[in-house]
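> Mind folding the following:
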Amino acid sequence: MRNRIAPVVALAAVAALVPALTPAVAVAGTRAEAARPPVTIPPPTAGARTAKPATEAAALAPFARQKPRWSRCDAQAPAEFECATIEVPLDYARPDGRRLDLAISRVKATSPRDRHGVLLINPGGPGGQGLDMPLYIGAQLPDTVKRRYDLIGFDPRGVGQSSPVSCGLNAEEMDWQRPYKAATWDKDVRWARTVAEKCRARNGAVLPHLTTRNTARDMDVVRAVLGEKKISYLGYSYGTYLGAVYTQLFPRRADRFVLDSAVDPARIWRGMFQVWAEGAEPAFTRWTRWTAERDAAYGLGDTPDEVRTAFWDLVARADRDPVDLDGRLWTGDAIRAERALFFYPAYAADAVARLKAAAEGRTPAPAPATAPDRALLPSFARAVPEDNMDASFWSVVCGDTRAWPRDPEQYRRDALRDKAAYPLYGDFASHIKPCAFWGNGSEPATRIGNTVRALVLQNEWDSQTPLVSGQGLRRVMKGARMVTVLDGEGHGVYGSGSCADATATAYLTTGRLPALDTTCRTAPARARGDLRLPPRAPQGLPDPRSRF
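Predicted coordinates for the structure are as follows:
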């Protein structure tokens, strides 16, 4: 992904859903579905804002009674991969008002006799499309899990095929990686204000309701429509926060929840930008040590201090005279913006060595082959606005919490402070964002604190949700257990062949959690000649793979 944002619940005008992909809600379902007893949508344990519980449940009952008309998602997809559309309230406080379409998908459990229930899957974001998750993640799940669960995908409200939103942003407005500079300060403030104003102009009535809290409520509608008393869940990245909010609102409806590469609820959302800067510094220090031990391969210095000096000299040189590498001009700021690269020492050393060679007029080594981006099925890409990921990202990030500063000068002060404290990325993280000019969401941020028995998975060297972020989620989910993968690199644990996979599979198939939080260790990073690209990350917050 380019230097853009990955989404979740969006913003912009609510567009029509693609009819060919997800047929409208049917009057009646299949014979098996029709035979199931109706499942109600109970009011949330916390956060009901209107009406008494019985009245609220009655108002939501029509949504629970929907019978989705399942059909093949795409001619190029397997026949067992089915899609449908259901409806959800725009505003759960007024369920008789405007409705949104919600696109859902499924692959049924391969063993009806062993079936345990449904496993909802979210790929991250905010703004990540999840309709293809039963295929994409399903291919990486063990057969024992697929025997027991119907795999359920969905595009969150405002995303992809679920009433997708747009702010009408152009390429310049979608460029959010902005370092603080006095010379561009006024321009950056205008950018942030413009994004917020364009989003509000297109989606004024919708914006307050594009929140994680409402997406969690949508998940409970899906549960009821599928005829389930409980759901299990696999959420990556932003999906961990979405899952945590569901456990807070509906603790008795949460069965087996795997929260992989976790967001700290206490840092929603400005703090999650800032934790990138905080986490990048120890990763950078680790990289200097790793690279110094391999000076023969990379030529960047044989001590950590020499490697550090070589890097910052390259940044300063590129700021004076941008470096042409493979047809792209790299400034020093552009190099710093790739802070996630340093969580992968082998890949970072290769990239910096190539840039240094180009800056010195030498021929760089060939770039390592890049794994292809996750390709959506043709139907899934149809009629989705170009800026949907960005629009939906800002919708959630700005609307979930009322903690964003409103005074632009605070962003300037914070950017200057954090550039000094975290030189690699501090000013990017704390610089002004569109949220400075955003309106409030419909509700305050959800306070997480429960005893639901979930499983948190976390790599030690995760670029997008650093270890301290996962530890923050674990602290407030007191009934959970956490598996930390020591030396684990990258964003996304389960399904990557990690040493944590066995624990996650055992939990999903038996419901048993480890007695205590545990650690396991993965293989260390490797050097040039045995270089592998980081695996494709979950969609969410920017993709950690560099484009050097």
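> low pLDDT regions in the stretch 351-500 of the chain?
370-371 (pLDDT under 70).
> let me redo that: the chain
For the chain (pLDDT under 70), the answer is 1-55, 370-371, 524-548.
> Let's see that with 50 instead.
Applying pLDDT under 50 to the chain flags residues 1-38, 46-51, 527-548.
> And the strands in it?
Assigned strands in the chain, in chain order: 71-72, 82-89, 99-107, 117-122, 149-154, 231-236, 254-260, 323-325, 328-330, 455-461, 481-489, 518-521 (criterion: DSSP state E).
> hey, which of those strands is tucked in deepest?
By mean neighbour count, with neighbours taken as mean count of other CB atoms under 10 Å, strand 231-236 ranks first of the strands of the chain at a mean of 28. Where C-beta positions appear, they are placed from N, C-alpha and C, glycine not excepted.
> Just give the strands next to that strand in its sheet, each with its orientation.
strand 117-122 (parallel), strand 254-260 (parallel) (DSSP bridges).
> Could you export the ones you listed as a markdown table, including distance to Ser395?
Formatted as a markdown table, the strands paired with strand 231-236 follow (distance: least, CB to CB, whole Å):
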| stretch | distance to Ser395 |
| --- | --- |
| strand 117-122 | 16 |
| strand 254-260 | 22 |
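> For Gly361, find the nearest of these.
Each of the strands paired with strand 231-236 has some distance to Gly361 by CB to CB; the shortest is strand 254-260, at 44.3 Å.
> Just the CA atoms of that closest one, as PDB, please.
Backbone C-alpha positions of strand 254-260 (Å, rounded to 0.1, in the frame of the first residue of the first chain) are rendered in PDB as follows:
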ATOM      1  CA  ALA A 254     -18.800 -13.300  23.200                       C
ATOM      2  CA  ASP A 255     -17.600 -16.900  22.900                       C
ATOM      3  CA  ARG A 256     -13.900 -17.500  21.700                       C
ATOM      4  CA  PHE A 257     -12.200 -14.200  20.800                       C
ATOM      5  CA  VAL A 258      -8.700 -14.100  19.300                       C
ATOM      6  CA  LEU A 259      -7.300 -10.500  19.300                       C
ATOM      7  CA  ASP A 260      -4.200 -10.500  17.200                       C
END
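> List the contacts of that strand.
Applying CB atoms under 8 Å, 6 or more residues apart in numbering, the contact partners of strand 254-260 are 117, 230-237, 239-240, 243-244, 246-247, 452, 454-457, 473, 477, 480, 492-494, 504, 507-508, 511, 538.
> one more time with 7 Å, if that's ok
Applying CB atoms under 7 Å, 6 or more residues apart in numbering, the set of residues contacting strand 254-260 from outside is 117, 230-236, 240, 243-244, 246-247, 452, 454-457, 473, 492-494, 504, 507-508, 511.
> And stretch 355-370, by the same measure?
Looking at what lies outside stretch 355-370 - CB under 7 Å, 6+ apart - the contacts are 300, 310, 314, 317-318, 323-326, 330, 335, 350, 354, 531, 533, 548.
> Just those: which are in helices?
In helices, defined here by DSSP state H, the members of these are Ala310, Leu314, Arg317, Ala318, Ile335, Asp350, Arg354.
> any idea how far the first one lies from Ala334?
As for Ala310, its distance to Ala334 is 18 Å (criterion: CB to CB, to the nearest Å).
> returning to what we had before: need the strands of the chain in CSV (columns: distance to Val468).
Shown next, in CSV, are the strands of the chain (distance: least, CB to CB, whole Å):
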stretch, distance to Val468
strand 71-72, 44
strand 82-89, 34
strand 99-107, 34
strand 117-122, 22
strand 149-154, 30
strand 231-236, 18
strand 254-260, 15
strand 323-325, 33
strand 328-330, 30
strand 455-461, 10
strand 481-489, 11
strand 518-521, 15
